[in-house]
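K.L.:
need a structure here:
(one chain, ligands or ions: 1)
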Amino acid sequence: MTGRLIAAIDTPELPHARDLVREVAPHCGLVKLGLEFFLRHGPGGYRDAAHGADVFLDLKLHDIPNTVAGAVRSILPLAPRLMTVHAGGGAKMVAAAAEAAATAGEARPKILAVTVLTSFDAAGLAETGVSGGTSQQVLRLARLALGAGADGLVCSAHEIAVLRDAFGERPLLVVPGIRPAGAALGDQARVMTAEQAVEAGADYIVVGRPITGAANPGVAAAAIAASIA
Ligand SMILES: O=C(O)c1cc(=O)[nH]c(=O)n1[C@@H]1O[C@H](COP(=O)(O)O)[C@@H](O)[C@H]1O
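P.N.:
Prediction:
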């Protein structure tokens, strides 16, 4: 597996997940398994679907520090390469996740802190009580999370420049909200094309429905991978 593309295997069906991984993995750096799949099939389904592929396990943990640390330890036997917590859980929670991950030594998963979900625009964020716009909030949460030991961030492509200015090349920036020009946004709000996101400095882009909803997911993944190679 190689490259900057992460395909989100968002399906509740195990045979479908297995097929998708087999078709897209050759074109991806990692495959992502998330809540929709993991809550139904758990660790057994994870092992079955992953079938040796490098996995980003995206459970977006958000709870008190002790509970999140325990959840991370529960995940360690699966040895995902990347996993997510919500930066909004606070510095102590992110630190607890990073410390729990570190107990796995060399095989530890990298902890990514989700900043402001790509489904939010400024108005949606203001409804939650956060004013000042999405970039400012992403920057605030990024500072908190990286200071607490996160290896990287999940953000939209719109914030990459401001994050690289503030934190340089070190943090891993993983970027969902990827849509071909003119494609349906669905529930996404802050989007860019794959090419634009990589040009802006994304380490990885996360693509779900443009691949899983394609007539031939393998061909769709190959085309996106070629566009950012
Ligand atoms: O953590 C994520 O991966 C994530 C964070 C975020 O802010 N926005 C976001 O869309 N994602 C995930 O990225 C994938 C995007 O899927 P599509 O919108 O179908 O391309 C989904 O699996 C989301 O759970």
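K.L.:
buried ones in the biggest helix by length in the chain?
P.N.:
The longest helix of the chain (DSSP state H) is helix 35-50. Of all the residues in helix 35-50, those buried under the rule 16 or more other CB atoms under 10 Å are 36-38, 41, 45-46, 49-50. All C-beta atoms are positioned from the backbone trio N, CA, C, and that covers glycine.
K.L.:
among these, which one lies nearest to the ligand?
P.N.:
E36 (7.9 Å; CB to the nearest ligand atom).
K.L.:
burial count for the one residue in the chain that gets nearest to the ligand?
P.N.:
Across the chain, the shortest distance to the ligand (CB to the nearest ligand atom) belongs to G208, at 2.6 Å. As a burial measure, G208 scores 20 neighbours (other CB atoms under 10 Å).
K.L.:
give the contact list for the residue nearest to it when sequence neighbours are not counted.
P.N.:
Nearest non-adjacent residue to G208, counting by CB to CB, 6 or more residues apart in numbering: A8, 3.5 Å away. Neighbouring residues of A8 by CB atoms under 8 Å, 6 or more residues apart in numbering: 32, 34, 58, 176, 206-208, 211-212.
K.L.:
return the distance of A8 relative to V68.
P.N.:
Distance, A8 to V68, by CB to CB, to the nearest Å: 22 Å.
K.L.:
and for E23?
P.N.:
Applying CB to CB to E23 and V68 gives a distance of 33 Å.
K.L.:
so which bits of this protein are right by the ligand?
P.N.:
Neighbours of the ligand within the chain, by CB under 6 Å from any ligand atom: 8, 10, 34, 58, 84, 114, 117-118, 154, 176-178, 186, 188, 206-210.
K.L.:
buried subset of these?
P.N.:
Buried by 16+ other CB under 10 Å: 8, 10, 34, 58, 84, 114, 117-118, 154, 176-178, 188, 206-210, out of those.
K.L.:
distance between the longest helix of the chain and the chain's centre?
P.N.:
16 Å (CA atoms, centre = their mean, to the nearest Å).
K.L.:
per-residue confidence at G182?
P.N.:
pLDDT for G182: 89.
K.L.:
burial measure for it, as a count.
P.N.:
Neighbour tally, G182, other CB under 10 Å: 6.
K.L.:
wait, what's in contact with it?
P.N.:
So G182 contacts nothing (CB under 8 Å, 6+ apart).
K.L.:
tell me the mean pLDDT over stretch 52-72?
P.N.:
98.
K.L.:
ignore the last one, stretch 27-36
P.N.:
Stretch 27-36 comes out at a mean pLDDT of 98.
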